[in-house]
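A.B. asks: Turn this into a model:
(one chain, ligands or ions: 1)
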Amino acid sequence: MTERLPRIEPNDFTEGIRQAAAEWDTAGGPPRDMAERMAKAGLLGADLPADYGGSARSARSALQLGELTAALGAVCTSLRSLLTVQTMVAAAVLRWGTEEQRHTWLPALASGERIAGLAVTEADAGSDLNAVDTTIERDGGRLRVNGRKLWVTYGEWADILLVLGRDGDRPTAVLVETDRPGVEREPVSGQLGLRGARIAHIRLRDVEVPAENRVAPPGFGLSHVIGTALDHGRFTVAWGCVGMADACLEEAAGHVLTRRQNGVALAEHELVRAKIAEMHLAAASARALAERAARLRDDRAPDAASAAFAAKYAAARAAASVSRDAVQLQGAAGCAPDSLAQRFFRDAKVMQIIEGADEVALLRIAEHALGGRRARTAPSRNPAGNEAAR
Ligand SMILES: Cc1cc2nc3c(=O)[nH]c(=O)nc-3n(C[C@H](O)[C@H](O)[C@H](O)COP(=O)(O)OP(=O)(O)OC[C@H]3O[C@@H](n4cnc5c(N)ncnc54)[C@H](O)[C@@H]3O)c2cc1C
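C.D. replies: Sure, this is the predicted structure:
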């Protein structure tokens, strides 16, 4: 299936979808073969080992993944979100899956032949994933899964779901193929942002899967399996937001240099210049934190997960403020249906909620900032214990 599409450069790919991205936002999403096309452009599997169908060849794959993610994020958040969920699930399977699970799923995800969804959120479990009540019951050699998962990005397309539930009181992760009896999808439309991300709520009604579909032992589902996925998600969301902020700044700068009011270009007004300066600082700071997160990740440093949290927080805020200012500086043009800034303005708000809402991220960042100092100055205390939070 993948052989039919020629290999293309990532930049040609992102240029090619620039116009279509605005249409996908109003028409409900990209066509299904986009995943394969992304794979052909090297946008999927960039950080997976070649043994599992990926293209990671060097130790510097996190930075490479980051730059690719930013390039895609600068054009289409919905498609960048496909990269994010696909690589989130792949990262969790690579780290915690069995050899059989890796060989079954990773090449198919890297090639875009199969689409993955992360199914963790429920009606009463959002920021606090300890509260999930999806059940994963053992029945001989099989597992029976019951629950309702909300807001699954690409849930409409997903071939495989990484589901968080509980086996008794132990958080447990399981892979559920969506062609199994009992999987029902309800497409979601009209949400604030990510309008092209084929989101669905998913009901799992007495879905039976082999016991071999469990990822890691019961009890490790949240802290380890989903923890790995969310960490990866924060990293790619951060880089996607870097791309959004850069693109909005680029568009706004082009506009204020050419649009004339009161006999001069808008860029001649000091208040406009001040806004451009703030946008530049926000975008550049976000990029610096994302690059730091990539370096620590490539070095397998203990601080890598905290750095991803900080980068995601800063970059989502930068994307939100820069897109807001880009709409402002473009006036009515920034509000037009095909305006990149208005689309990113809506998408950026979502980025401040998912993979750890801003407030949750601040708590984690403060904990990290205090942690080392506390160890040096006071008797140790158990940290906030919110690994259960996103
Ligand atoms: C477009 C979109 C796509 C999504 N995709 C997926 C997906 O693919 N898979 C999936 O499983 N889920 C997905 N989600 C769900 C998303 O991860 C959750 O919305 C998010 O984790 C927040 O949970 P919640 O909405 O229940 O908000 P809540 O947890 O109810 O929080 C609401 C607000 O309360 C505040 N808050 C929460 N906790 C704290 C705290 N400890 N301290 C201070 N303030 C706090 C924050 O402001 C937060 O925004 C998606 C959501 C959206 C909108």
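A.B. asks: Contact residues of the protein facing the ligand?
C.D. replies: With Cβ under 6 Å from any ligand atom as the criterion, the chain meets the ligand at residues 85, 118-121, 126-127, 151-153, 191, 194, 199, 350, 353-354, 357, 359-360, 390. (C-beta placed from N, C-alpha, C; glycine too.)
A.B. asks: Of these, which count as buried by neighbour count?
C.D. replies: Among the residues of the chain next to the ligand, those classed as buried by 16 or more other Cβ atoms under 10 Å are 85, 118-121, 126, 151-153, 194, 199, 350, 353-354, 357, 360, 390.
A.B. asks: What about these, which are in strands?
C.D. replies: Using DSSP state E, 118-119, 151-152 are the members of these that sit in strands.
A.B. asks: In helices, which of the residues of the chain next to the ligand fall?
C.D. replies: Counting by DSSP state H, the part of these found in helices is 85, 350, 359-360.
A.B. asks: got a markdown table for the ones in strands among the buried ones among the residues of the chain next to the ligand, with pLDDT too?
C.D. replies: Formatted as a markdown table, these follow (pLDDT from 0 to 100):
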| residue | pLDDT |
| --- | --- |
| L118 | 98 |
| A119 | 98 |
| W151 | 98 |
| V152 | 98 |
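A.B. asks: wait, which of these is closest to the ligand?
C.D. replies: The closest of those to the ligand turns out to be W151 (Cβ to the nearest ligand atom; 3.5 Å).
A.B. asks: Look up the closest residue to that closest one, ignoring the ones flanking it.
C.D. replies: The shortest distance from W151 to any non-neighbouring residue, by Cβ to Cβ, 6 or more residues apart in numbering, is to T121 (5.2 Å).
A.B. asks: any idea how far that neighbour is from I202?
C.D. replies: Here the criterion is Cβ to Cβ, to the nearest Å. By it, T121 lies 10 Å from I202.
A.B. asks: Check what pLDDT the residue in the stretch 51-200 of the chain positioned nearest to the ligand gets.
C.D. replies: Nearest residue of the stretch 51-200 of the chain to the ligand, counting by Cβ to the nearest ligand atom: G126, 1.8 Å away. Note for G126: predicted pLDDT of 98.
A.B. asks: ok, now the one 4 residues further on?
C.D. replies: N130 carries a pLDDT score of 97 in this model.
A.B. asks: That one belongs to a helix?
C.D. replies: Yes. Counting by DSSP: H, G, I helix; E, B strand; the rest coil, one finds N130 located in a helix.
A.B. asks: neighbours around it, how many?
C.D. replies: Neighbour count for N130, taken as other Cβ atoms under 10 Å: 13.
A.B. asks: Strands of the stretch 1-150 of the chain, start to end?
C.D. replies: Assigned by DSSP state E, counting those that start in this stretch, the strands in the stretch 1-150 of the chain fall at 116-119, 135-139, 142-152.
A.B. asks: Verify the stated contact: L161 with V176.
C.D. replies: Yes. The pair L161 / V176 is scored as a contact, 4.7 Å apart, by Cβ atoms under 8 Å.
A.B. asks: what comes up buried for the longest helix seen in the chain?
C.D. replies: In the chain, with assignment by DSSP H, the single longest helix is helix 227-258. Using 16+ other Cβ under 10 Å as the test for burial, helix 227-258 gives 227-249, 251-253, 255-256.
A.B. asks: Ok, stretch 38-50 next?
C.D. replies: Burial within stretch 38-50, assessed by neighbour count using 16+ other Cβ under 10 Å, is assigned to 38-49.
A.B. asks: What lies in contact with that stretch?
C.D. replies: Stretch 38-50 has contacts (Cβ atoms under 8 Å, 6 or more residues apart in numbering) with 2, 5-10, 12-13, 35, 53-57, 61-62, 64-65, 68, 72, 79, 82-83, 86-87, 90-91, 94, 106, 109-112.
A.B. asks: Check stretch 353-364 too.
C.D. replies: The contact list for stretch 353-364, computed with Cβ under 8 Å, 6+ apart, reads 127, 230, 233-234, 237, 306, 309-310, 312-313, 316-317, 352, 384, 386, 389-390.
A.B. asks: so where's this structure uncertain?
C.D. replies: For the chain, the stretches with pLDDT under 70 are 1-6, 57-60, 375, 378-389.
A.B. asks: Domain map for the chain?
C.D. replies: Following automatic domain parsing, the chain resolves into domains at 2-115, 117-216, 222-372.
A.B. asks: Give me the distance between the first one and the centre of its chain.
C.D. replies: Offset of domain 2-115 from its chain centre (Cα atoms, centre = their mean, to the nearest Å): 12 Å.
A.B. asks: go on, the second one?
C.D. replies: Here the centre of domain 117-216 is set off from its chain's centre by 17 Å, with Cα atoms, centre = their mean.
A.B. asks: Just the buried positions in stretch 334-347, please.
C.D. replies: When burial is assessed from 16+ other Cβ under 10 Å, stretch 334-347 yields the following buried residues: 334, 339-347.
A.B. asks: all helices for this structure, in order.
C.D. replies: Using DSSP H, helices in the chain cover 10-27, 34-40, 61-73, 77-96, 99-110, 227-258, 270-298, 304-330, 332-335, 340-351, 358-377.
A.B. asks: Just want the angle from the fourth one to helix 340-351.
C.D. replies: Read that as helix 77-96. Following axes from the mean of the first three to the mean of the last three Cα atoms, to 10 degrees, one obtains 40 degrees for the angle between helix 77-96 and helix 340-351.
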